[in-house]
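Chemist: this is a predicted model, with the sequence first.
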Amino acid sequence: MPFNTQRGFPGTGLCRYSVRRNGLTRNDAMNNRARKVMIIGAGNVGTAAAWALLNQNIGEELILVDLDAARVEGHCQDLRDAAAYMPGMITISTRQAKECADVDIAVITVSGGALKPGQTRLDELTNTARIVGQIVPQMMAGGFNGIFLVATNPCDIITWQVWKLSGLPRNQVIGTGVWLDTTRLRRTLAEALEIGPQSIDAFILGEHGDTQFPVWSHSSVYGSPVAQVYERKTGKPLDTAALADRVRKLGFEIYARKGCTEYGIAGTIAEICRNIFTGSHRALAVSCILDGEYGVDNVAIGVPAVLAQNGVQQIIELQLEGEEQAKFQHSVAVIKANIARLP
């Protein structure tokens with residue numbers, strides 16, 4: 001589909017981001033100075049994300065932010081030791097969140113507390129929203145004009161909250177959304193088919209939560225429908241409902257066994273940052289602010305989006321089949337109902 005300018009994304013084609021800093025466009029500035037990622041929250045997810053960014057040599061400076069000064073400084077020193085073994089040169093530092101005017105990507109990984117048995121990601125909203133409601137205004141007062149990447153749960157609602165609090169254009173506020181869920185779907189299928197997950201073209205859409213769903217009408221392996229390839233390989237029909245349920249529960253299974261999820265979401269954060277910094281124009285299923293796409297507005301939800309150095313450059317509108325459209329609308333309704341709970 002053509003690049004959509006009427007819905008609020010800047011530029012056309014390989015756009016040059018319009019906001020200027022020190023006489024340079026954002027893309028020019030990013031290409032001519034150290035690229036900086038600030039990670040807000042030095043818990044399991046934040047520190048694993050820092051390690052993933054460091055290990056994959058993404059960016060030139062990592063900045064850790066946490067209220068626990070001793071802990072965050074300990075993580076910083078530990079990561080500096082690891083950085084000494086890396087082929088490139090990367091700076092690891094600590095700051096306060098408000099010291100962010102030169103930051104390119106700010107990753108929000110704060111947590112409002114551990115989930116109790118039987119709770120879902122939506123139960124994290126009240127505590128998490130309170131923390132985010134304090135951090136984002138401080139950062140905007142500090143001159144932040146980069147890209148927010150939200151990994152905090154409930155991801156879609158917090159992504160919308162960050163967008164509203166920041167006042168930034170919607171292309172500069174992204175949630176990790178269902179990209180990890182999409183990766184889990186591809187990995188699970190790949191294990192059954194004994195192929196690499198990169199060979200599978202499949203997406204999950206909707207909430208990063210219980211209302212997410214695979215888009216089977218747009219899923220294929222080497223151009224053939226996933227279900228056909230699966231049946232040829234295994235001799236059994238693909239139980240799409242069971243697979244969708246399994247993928248949806250994977251995060252909670254990990255959480256139940258080890259008390260957190262960290263490495264998978266860290267890889268998700270690293271991949272999104274890499275695609276932004278490189279201007280890859282690759283489509284990932286991330287949480288985006290919709291303004292008319294899919295017939296929906298004023299909500300953040302997981303959809304395929306093309307990433308470039310300005311953040312979200314294009315939202316891809318898949319033609320959903322009847323049941324898929326109904327599931328998408330249900331997911332939208334759940335997210336909007338929880339947006340209404342925000343203080």
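Modeler: Arrived safely, thanks for sending.
Chemist: how about the helices in the chain?
Modeler: Taking DSSP state H as the criterion, the chain contains helices spanning 26-32, 44-55, 69-83, 125-141, 155-166, 179-193, 226-234, 240-258, 263-278, 322-339.
Chemist: possible to save the ones you listed as JSON lines with distance to residue 305 and mean pLDDT?
Modeler: Just so you know, the C-beta spots here come from the backbone N, C-alpha and C atoms, and that holds for glycine as well. Below are these laid out as JSON lines (distance: least, CB to CB, whole Å; pLDDT from 0 to 100):
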{"stretch": "helix 26-32", "distance to residue 305": "18", "mean pLDDT": "55"}
{"stretch": "helix 44-55", "distance to residue 305": "20", "mean pLDDT": "97"}
{"stretch": "helix 69-83", "distance to residue 305": "30", "mean pLDDT": "96"}
{"stretch": "helix 125-141", "distance to residue 305": "21", "mean pLDDT": "94"}
{"stretch": "helix 155-166", "distance to residue 305": "12", "mean pLDDT": "97"}
{"stretch": "helix 179-193", "distance to residue 305": "10", "mean pLDDT": "95"}
{"stretch": "helix 226-234", "distance to residue 305": "22", "mean pLDDT": "94"}
{"stretch": "helix 240-258", "distance to residue 305": "20", "mean pLDDT": "92"}
{"stretch": "helix 263-278", "distance to residue 305": "10", "mean pLDDT": "97"}
{"stretch": "helix 322-339", "distance to residue 305": "15", "mean pLDDT": "96"}
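Chemist: switch the ones you listed over to JSON lines; also include distance to residue 213 and mean neighbour count.
Modeler: Shown next, in JSON lines, are those (distance: least, CB to CB, whole Å; neighbours: other CB atoms under 10 Å):
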{"stretch": "helix 26-32", "distance to residue 213": "35", "mean neighbour count": "17"}
{"stretch": "helix 44-55", "distance to residue 213": "25", "mean neighbour count": "23"}
{"stretch": "helix 69-83", "distance to residue 213": "37", "mean neighbour count": "15"}
{"stretch": "helix 125-141", "distance to residue 213": "21", "mean neighbour count": "17"}
{"stretch": "helix 155-166", "distance to residue 213": "14", "mean neighbour count": "26"}
{"stretch": "helix 179-193", "distance to residue 213": "10", "mean neighbour count": "21"}
{"stretch": "helix 226-234", "distance to residue 213": "14", "mean neighbour count": "16"}
{"stretch": "helix 240-258", "distance to residue 213": "6", "mean neighbour count": "14"}
{"stretch": "helix 263-278", "distance to residue 213": "19", "mean neighbour count": "21"}
{"stretch": "helix 322-339", "distance to residue 213": "4", "mean neighbour count": "17"}
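Chemist: I'd like the ones you listed as a markdown table, with distance to residue 291 appended.
Modeler: As requested, the helices of the chain are exported to a markdown table (distance: least, CB to CB, whole Å):
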| stretch | distance to residue 291 |
| --- | --- |
| helix 26-32 | 21 |
| helix 44-55 | 29 |
| helix 69-83 | 37 |
| helix 125-141 | 20 |
| helix 155-166 | 11 |
| helix 179-193 | 21 |
| helix 226-234 | 31 |
| helix 240-258 | 27 |
| helix 263-278 | 20 |
| helix 322-339 | 13 |
